[in-house]
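Participant: no letters, just coordinates:
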């Protein structure tokens, strides 16, 4: 796990949890590949407007779980709803109500900045008028007007990630899934990216995020930690640090990942 010395943002308050505010409900979710169990009876819920951290070492099963919740992978068994829709029977409707940003950028290097935004606006079903309005808004907001006609492969990685996040929520989804969105960028860009996450959450978009940076885990309302396909801890960052007698989330994660508790 990677940490950075300076935490640019304060930890948000945990939202009030009620049964009616849950936007993700997962119960005994299992995903097997042959004899290998990638996800072993996952049970958890996520609240509307929450920033929910989904942590685990490489191979713990995080990406597999996210793909199921996004309707991209069919579970072996269990129950799960995303934005009020069943991921088993309504995966296509789930896709229309979420945004998704993968570990590898979901943008096209052989398209310009402008063309990428226009393409994803169309994919998400926006009208021509809406696409035109949001292209102008995003180019100005991200300060990318000067590179609107530049191929994506020719702009810095930090700009790509902020653009990828913006296109993932261009249709104003109920929830956005971010799979290690800040990997490989400098601390300043990571700070700017998390400011965008906070802004999205304040606008009512639920954020489901995985990260390998333990200082970023501190910015989430609640955290789930996976080890070997199972959720071994789920609580607020503060409560987890208290429970496992740790100074920071890095210590908590190491104790759990190494089975030291």
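Facilitator: It's in. Computed from a predicted model, the values in this text were never measured in an experiment. Numbering: from 1, shown residues only.
Participant: where do the helices sit along this structure?
Facilitator: Under the criterion DSSP state H, the chain carries helices at the ranges 62-69, 91-96, 113-123, 128-141, 157-168, 187-202, 214-217, 237-243, 249-257.
Participant: from these, which stretch is densest packed?
Facilitator: Stretch with highest mean neighbour count among the helices of the chain: helix 214-217 (a mean of 24; mean count of other C-beta atoms under 10 Å). C-beta coordinates here come from the backbone N, C-alpha and C atoms, glycine included.
Participant: just the strands in the stretch 1-150 of the chain please.
Facilitator: 22-33, 36-47, 51-56, 77-82, 85-86, 98-101 (DSSP state E, counting those that start in this stretch).
Participant: low-confidence stretches in the stretch 151-261 of the chain?
Facilitator: Along the stretch 151-261 of the chain, segments meeting pLDDT under 70 span 260-261.
Participant: count the neighbours of the closest residue to residue 172 other than its chain neighbours for me.
Facilitator: Computed as C-beta to C-beta, 6 or more residues apart in numbering, the closest residue to residue 172 that is not its neighbour in sequence is residue 205, at 7.3 Å. Neighbours of residue 205 under the rule other C-beta atoms under 10 Å: 22.
Participant: distance to residue 44 added to the helices of the chain, as JSON lines?
Facilitator: Compiled in JSON lines, those are given as follows (distance: least, C-beta to C-beta, whole Å):
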{"stretch": "helix 62-69", "distance to residue 44": "10"}
{"stretch": "helix 91-96", "distance to residue 44": "17"}
{"stretch": "helix 113-123", "distance to residue 44": "29"}
{"stretch": "helix 128-141", "distance to residue 44": "32"}
{"stretch": "helix 157-168", "distance to residue 44": "22"}
{"stretch": "helix 187-202", "distance to residue 44": "18"}
{"stretch": "helix 214-217", "distance to residue 44": "16"}
{"stretch": "helix 237-243", "distance to residue 44": "14"}
{"stretch": "helix 249-257", "distance to residue 44": "15"}
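Participant: looking at these, which is nearest to residue 148?
Facilitator: helix 113-123 (4.4 Å; C-beta to C-beta).
Participant: who's in contact with the closest one?
Facilitator: With contacts defined as C-beta atoms under 8 Å, 6 or more residues apart in numbering, helix 113-123 is touched by 107-108, 111, 130-131, 134-135, 138-139, 144, 147-150, 152, 155, 163, 166-168, 170-171.
Participant: make it 7 Å
Facilitator: With contacts defined as C-beta atoms under 7 Å, 6 or more residues apart in numbering, helix 113-123 is touched by 107-108, 111, 130-131, 134-135, 138, 144, 147-150, 152, 155, 163, 167, 170.
Participant: quick one: that helix to helix 128-141, angle?
Facilitator: Going by axes from the mean of the first three to the mean of the last three C-alpha atoms, to 10 degrees, helix 113-123 is angled at 140 degrees with respect to helix 128-141.
Participant: ok so, going back, do you know which of the helices of the chain lies nearest residue 37?
Facilitator: Counting by C-beta to C-beta, residue 37 lies closest to helix 62-69 out of the helices of the chain; the figure is 10.2 Å.
Participant: quick one: the closest one to chain centroid distance?
Facilitator: How far helix 62-69 lies from its chain's middle: 11 Å, per C-alpha atoms, centre = their mean, to the nearest Å.
Participant: same for that helix, what does it pack against?
Facilitator: Contacts defined by 3 or more C-beta pairs under 7 Å, 6 or more residues apart in numbering; DSSP states H and E place helix 62-69 against strand 22-33, strand 36-47, strand 77-82, strand 175-179.
Participant: what angle sits between it and strand 22-33?
Facilitator: Inter-element angle recorded for helix 62-69 and strand 22-33: 120 degrees (by the same axes, to 10 degrees).
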